[in-house]
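>>> have a look at this prediction, sequence included:
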Amino acid sequence: MYNGLVCSDKLNEECGIVGIYSNDIQDISKLTYFGLYSLQHRGQESCGIAVNNKGKIKYCKGMGLVSEVFDDDVLKNLDGNISIGHVRYSTTGESRASNAQPLVVKYKNGDIALAHNGNLVNARTIREILEEEGVVLQTTIDTEVIVNLIARYHKFGIESAIKKVMELIRGSYALVLTMGDMLIGVRDPYGIRPLCIGKLKKGFVIASESCALDTIGADFIRDVEPGEIIIIDAKGMKSIPYDKWCKKSLCIFELIYFARPDSIMDGISVYLARKEAGRILARESKVDADVVISVPDSGTAAAIGFSEESGIPFSEGLIKNRYVGRTFIKPSQELREQGVRLKLNVLKENIKGKRVVLVDDSIVRGTTIRWIVDILKSAGAKEVHVRISSPPVKYPCFFGIDTPERKQLIGAKNTTEEIRKLINADSLSYLSIEGLIKTTGKNGGFCLACFNGDYPMEVPLE
Ligand code: SF4
């Protein structure tokens, strides 16, 4: 995505999901809309809502932001008592309307709607088997494979069907689906992508992040456990735990960057973990400087932690244009040279003549940080010391995160000193892997594969 003067140099989350079961059937689609609204940071390309009314499913989905796709009339038409919603940013499957979710299909016994966050590592194999058996697939997304398998095994009962599907598919998946009179949530056996449960006065919510529960007035109950299946119907909520052991592997990048800071994920406050990362970073890589600034907003919590720990005052140094949406108009080289800055600008008063510590959460290709160091120096910073609140990204992700090829990852082919030179910083330090784990207050249970190449399961060769 083009994003201001430079292309966005962050890893991108692929999706956010929400599912609501309500005994009070008014406004369920509006509630889902607000839930999706709070998950918009997890995907901005397309979105959709499907509502189940006594087994019949109506839906609306389209390209664009939640606020662009839905209006009052559309939402009024989506009536029922069970709904699921999805926001998507994707590289798995092209960016087109037919790949938007939820995916709604008719099968022998009725309608199914399903929304998926994650990525299957064996979807291609299953897709080939289904196609050889004559199944016509209409999209290029993994989600269709899951829906097809659920429909195929439904004759064994929904619990058995989902268990059977979980035996076949491999990868990361947090799912919400509705069929018959049920809302169902499923988290993959490694718990790579997050999923949590909340309670409404007269119903339940299942969502990617707890910030969605807060937004719609639901009380957080707990996270869905890795491999757990949650079935909600008129009788209440039923949990089917996973009975085979898997190494828990929550994506650590959720805590570093993807999740909203006000979310609690697997018992960890995202904000506090980020702030702690800044504190540990300050201890690991001391520096003499006059001011700590952040790359807003992703580096701000860590910058505050760095400042508190080091005693170097925190100040605003970069101002973000909060009204920049998605722009596909790229300035020409000539305009670039004139310094068109759509997204970030320097607050010169706070950095001129100063030794600046610049804190950000991660470096992917290195393009953005190099540009930021340049504009800080042009604006009069005496020194720029870059501090990154995560280790160098060295390996691609296969679990639903958009990472460039390995050769484009600046951390994969360069030492820290080489990167420092490339980004023109006076010094550069990353948080250590041990330091990163410490930020969570736990001993482990995370996928760290983009830092250490240790994937929680076999992945396709690049
Ligand atoms: S490889 Fe990195 S981005 Fe992908 S799931 Fe693991 S920690 Fe998250």
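Great, that's in hand. Residues are numbered from 1 along each chain as shown.
>>> C-alpha only now, for contacts and for neighbours.
Noted.
>>> where in this protein is the helix or strand with the lowest mean pLDDT?
The weakest-scoring helix or strand in the chain, judged by mean pLDDT, DSSP states H and E, is strand 2-3 (a mean of 36).
>>> what's the burial count for E349?
Under the neighbour criterion other C-alpha atoms under 10 Å, E349 is assigned a count of 12.
>>> now do the one 5 residues further on
The local packing of K354 (other C-alpha under 10 Å) involves 17 other residues.
>>> do whichever strand in the chain runs longest and the ligand meet?
Looking across the chain with DSSP state E, the single longest strand is strand 110-120. No: contact of strand 110-120 with the ligand (C-alpha under 6 Å from any ligand atom) is absent, the minimum separation being 8.9 Å.
>>> which strands border that strand, and is each parallel or antiparallel?
Using DSSP bridges, the strands paired with strand 110-120 are strand 103-107 (antiparallel), strand 171-179 (antiparallel).
>>> remind me what the next helix or strand after that strand packs against, helices and strands.
Note on strand 110-120: by DSSP states H and E, the next helix or strand toward the C-terminus is helix 123-132. Applying 3 or more C-alpha pairs under 8 Å, 6 or more residues apart in numbering; DSSP states H and E, one finds that helix 123-132 contacts helix 142-153.
>>> and the helix it packs on, what's its mean pLDDT?
Regarding helix 142-153, the rounded mean pLDDT is 90.
>>> got the buried residues for that helix?
Using 16 or more other C-alpha atoms under 10 Å as the test for burial, helix 142-153 gives D142, T143, E144, V145, I146, V147, N148, L149, I150, A151, Y153.
>>> distance from it to the middle of the chain?
Distance of helix 142-153 from its chain centroid, counting by C-alpha atoms, centre = their mean, to the nearest Å, is 23 Å.
>>> and the contacts of that helix?
With contact meaning C-alpha atoms under 8 Å, 6 or more residues apart in numbering, helix 142-153 is reached by 92-93, 103, 105, 107-108, 112, 114-116, 119-120, 123, 126-127, 137-138, 158, 160-162, 164-165, 169.
>>> is I184 located within a strand, as I assumed?
Yes: under DSSP: H, G, I helix; E, B strand; the rest coil, I184 falls within a strand.
>>> these two touch, right, it and I231?
Yes: in this structure I184 lies within contact range of I231 using C-alpha atoms under 8 Å: 4.6 Å.
>>> look at the two and report which has more neighbours.
Using other C-alpha under 10 Å as the criterion, I184 and I231 rank with I184 on top: 27 against 21.
>>> how far away is the more buried one from E316?
44 Å (C-alpha to C-alpha, to the nearest Å).
>>> check I375 too.
I375 sits 15 Å away from E316, going by C-alpha to C-alpha.
>>> could you give the number of residues near A123?
Around A123 there are 20 residues (other C-alpha under 10 Å).
>>> how about it, what does it touch?
D142, V145, I169, R170.
>>> ok, now M182?
Taking C-alpha under 8 Å, 6+ apart, one finds I82, I231, I232, D233 in contact with M182.
>>> residue of the stretch 101-250 of the chain nearest the ligand, please.
Closest contact between the stretch 101-250 of the chain and the ligand, by C-alpha to the nearest ligand atom, is at I192 (6.1 Å).
>>> where does that residue fall, phi/psi-wise?
Taking degrees, to the nearest 10, you get phi -70, psi -50 for the backbone angles of I192.
>>> confidence score at it?
You'll see I192 listed with a pLDDT of 97.
>>> what mean pLDDT does stretch 174-187 get?
On average, the pLDDT along stretch 174-187 is 97.
>>> on that earlier part again, dump the strands paired with strand 110-120 to a markdown table, plus distance to K76 and mean neighbour count.
Formatted as a markdown table, these follow (distance: least, C-alpha to C-alpha, whole Å; neighbours: other C-alpha atoms under 10 Å):
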| stretch | distance to K76 | mean neighbour count |
| --- | --- | --- |
| strand 103-107 | 19 | 17 |
| strand 171-179 | 19 | 27 |
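>>> which one, of these, ends up nearest to L347?
Of all the strands paired with strand 110-120, strand 171-179 sits nearest to L347, with 41.1 Å by C-alpha to C-alpha.
>>> is any residue of that closest one near the ligand?
No: shown here: strand 171-179 not in contact with the ligand (C-alpha under 6 Å from any ligand atom), separated by at least 8.0 Å.
>>> can you show me the CA trace of that strand as CSV?
The C-alpha coordinates for strand 171-179 follow below in CSV (Å, rounded to 0.1, in the frame of the first residue of the first chain):
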residue,chain,number,x,y,z
GLY,A,171,-1.5,-23.5,9.8
SER,A,172,-2.9,-20.6,11.7
TYR,A,173,-6.6,-20.0,12.0
ALA,A,174,-9.0,-18.2,14.3
LEU,A,175,-12.5,-18.8,12.9
VAL,A,176,-16.0,-17.6,13.6
LEU,A,177,-18.8,-19.4,11.8
THR,A,178,-22.6,-19.6,11.9
MET,A,179,-24.9,-22.3,10.7
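>>> quick check on D233: phi, psi?
Main-chain torsions, D233, degrees, to the nearest 10: phi -150, psi -170.
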